[in-house]
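K.L.:
Predicted model follows, preceded by the sequence.
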Amino acid sequence: MRALYRQRLQALRELLARQRVEALLVTHLPNIFYLCGFTGSSGALLVEPDRATLITDPRYSTQACDEVHVARVRVAAQGLLTAVAGLLAGRRRRLKLAFEAAHVPVSQRDELVRRLGRQVHLRGVAGWVEALRARKDAEELERMRASAALACQVWTEVLPLVRPGVRELELAAEIEYRMRRAGASGPAFDTIVASGARAALPHGRATAKQLQKNELVVFDWGAILRGYCSDLTRTVFLGRAPARIRKWYDVVRAAQQAAWAMLRPGVAAEAVDAAARSVLQRHGLARYFTHSTGHGLGIEVHEEPRLARRQKTRLEAGHVVTIEPGIYLPGMGGIRIEDDLAVTPVGATPLTHVPRELLEL
Ligand code: ZN
Ligand code: ZN
């Protein structure tokens, strides 16, 4: 791992040089984890041309020394920013320092300016480390494959428990418990179990509602394993599905396949979204598709690239994305199918492997 972290820091330094800044203060924790492996919840990583320094608070001193081998570790008793100011004090000339504007609250930004204003030229920036993170290396792909496999395994375990009378919350608890038991550090997000009319809510968190016969049930779940997320959705029907529900399901599945077939390097993210949308359009269902077709996945559950309208980003080998078209019919329920795919030099390969046909339970 040490060599990988060095490579990632090197790629960041090349980006800093292109952007004509000398250092970046990284404060977004997923970015810190990506660059040096630190998993604590309090830290700032100062990346300079010739060194990197992780500043954390005393609660994490042992953990930081165990986890971080590519940066010096400094323990700050009086606040991270005070420590950063201390590190930069006494520099002979003004330094051009970038900071992650979206991840520094205004109050802290003011403090940065107040403490560092004289020593450094500050520049708020966005998305620099995230841009590097979008393209996964072999180690990351391996972890993501394992995270997806774990989530798939749990699905096969939980399916037999899905029946009328069971509460959404019980099924969500089973999914999360089994993911943890299989080694996950936790769920990637609050598990969604939405049944009946509630399935028309794209982000319906599980409630005490009992599943009933002749209902659609949408499950959306994922694990965090060794720092990497998985994210899947499956829709089942309790009983024999009426013809129109089968028809709708097949259209959503065809929309997923159409978007999936678009995945290869060079294709614009908006074209993948358009492919799913046009299938739904042909069947008069596009207006019920109320979110984007997919999103990048990795250390965070929503990353670059976003597969949505007006997203010009071009896909690259190493991107990992979800493809998750869905339709939501108020009062009736909803249907969504979501899989995780890695873009390869010639197309895309799925990380998730559970059947995609409509299950009638
Ligand atoms: Zn999802
Ligand atoms: Zn998703």
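P.N.:
In hand now; what should we look at? Ligands and ions are numbered 1, 2, ... in the order given.
K.L.:
and the residue of the stretch 101-250 of the chain found nearest ligand 2, how far is that from ligand 1?
P.N.:
Here the residue of the stretch 101-250 of the chain nearest ligand 2 is Asp231; by CB to the ion that distance is 4.3 Å. All C-beta atoms are positioned from the backbone trio N, CA, C, and that covers glycine. Noted for Asp231: a distance of 4 Å to ligand 1, by CB to the ion, to the nearest Å.
K.L.:
before we move on, what about Leu201?
P.N.:
13 Å.
K.L.:
and the stretch 251-361 of the chain, which of its residues are near ligand 2?
P.N.:
Residues of the stretch 251-361 of the chain lying close to ligand 2 (CB under 5 Å from the ion) are Thr322.
K.L.:
go again using 6 Å as the cut-off
P.N.:
295, 322, 324, 338 (CB under 6 Å from the ion).
K.L.:
partners of the second one in the sheet?
P.N.:
When bridges are called by DSSP bridges, Thr322 pairs up with Asp340.
K.L.:
quick one, phi psi at the closest residue to Gly43 other than its chain neighbours?
P.N.:
Setting aside the residues directly before and after it, Gly43 is nearest to Thr56 in space (CB to CB, 6 or more residues apart in numbering), at 4.5 Å. Here is the backbone geometry of Thr56 (degrees, to the nearest 10): phi -140, psi 180.
K.L.:
Can you tell me the number of residues neighbouring Thr56?
P.N.:
For Thr56, the neighbour count with other CB atoms under 10 Å is 25.
K.L.:
That one: what's it in contact with?
P.N.:
Contact partners of Thr56, counting by CB atoms under 8 Å, 6 or more residues apart in numbering, are 38, 40, 42-44, 64, 73-76, 80.
K.L.:
in this protein, what spans have low per-residue confidence?
P.N.:
92 (pLDDT under 70).
K.L.:
Using the record's domain definitions, break it down for me.
P.N.:
Using automatic domain parsing, the domain parsing of the chain gives 2-133, 135-360.
K.L.:
For Trp260, see how far away the residue nearest the centre of the chain is.
P.N.:
Central residue of the chain (CA atoms, centre = their mean): Val301, 1.8 Å from the mean position. Relative to Trp260, Val301 is positioned 20 Å away (CB to CB, to the nearest Å).
K.L.:
what do you get for Ala101?
P.N.:
The gap separating Ala101 from Trp260 is 35 Å, by CB to CB.
K.L.:
do the same with Pro49
P.N.:
Taking CB to CB as the criterion, Pro49 is separated from Trp260 by 42 Å.
K.L.:
what does Ala275 give?
P.N.:
9 Å.
K.L.:
out of the two, which sits in the busier spot?
P.N.:
Ala275 (23 against 19).
K.L.:
check contacts around that one.
P.N.:
So Ala275 contacts 255, 258-259, 261-262, 293 (CB under 8 Å, 6+ apart).
K.L.:
Mind giving me the packing neighbours of whichever strand or helix holds Phe33?
P.N.:
Using DSSP states H and E, Phe33 sits in helix 29-36. Where contact means 3 or more CB pairs under 8 Å, 6 or more residues apart in numbering; DSSP states H and E, helix 29-36 is packed against helix 2-18, strand 44-47, strand 52-56, helix 128-134.
K.L.:
Could you export it as CSV, CA atoms only?
P.N.:
Below are the C-alpha coordinates for helix 29-36, written out as CSV (Å, rounded to 0.1, in the frame of the first residue of the first chain):
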residue,chain,number,x,y,z
LEU,A,29,-11.6,12.9,5.2
PRO,A,30,-12.2,10.6,2.3
ASN,A,31,-9.5,12.5,0.4
ILE,A,32,-7.1,12.1,3.3
PHE,A,33,-7.9,8.3,3.5
TYR,A,34,-7.2,8.1,-0.3
LEU,A,35,-3.9,9.8,-0.1
CYS,A,36,-2.4,8.3,3.1
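K.L.:
what's the angle between that helix and helix 2-18?
P.N.:
Compare the direction of helix 29-36 with that of helix 2-18 by axes from the mean of the first three to the mean of the last three CA atoms, to 10 degrees and you get 110 degrees.
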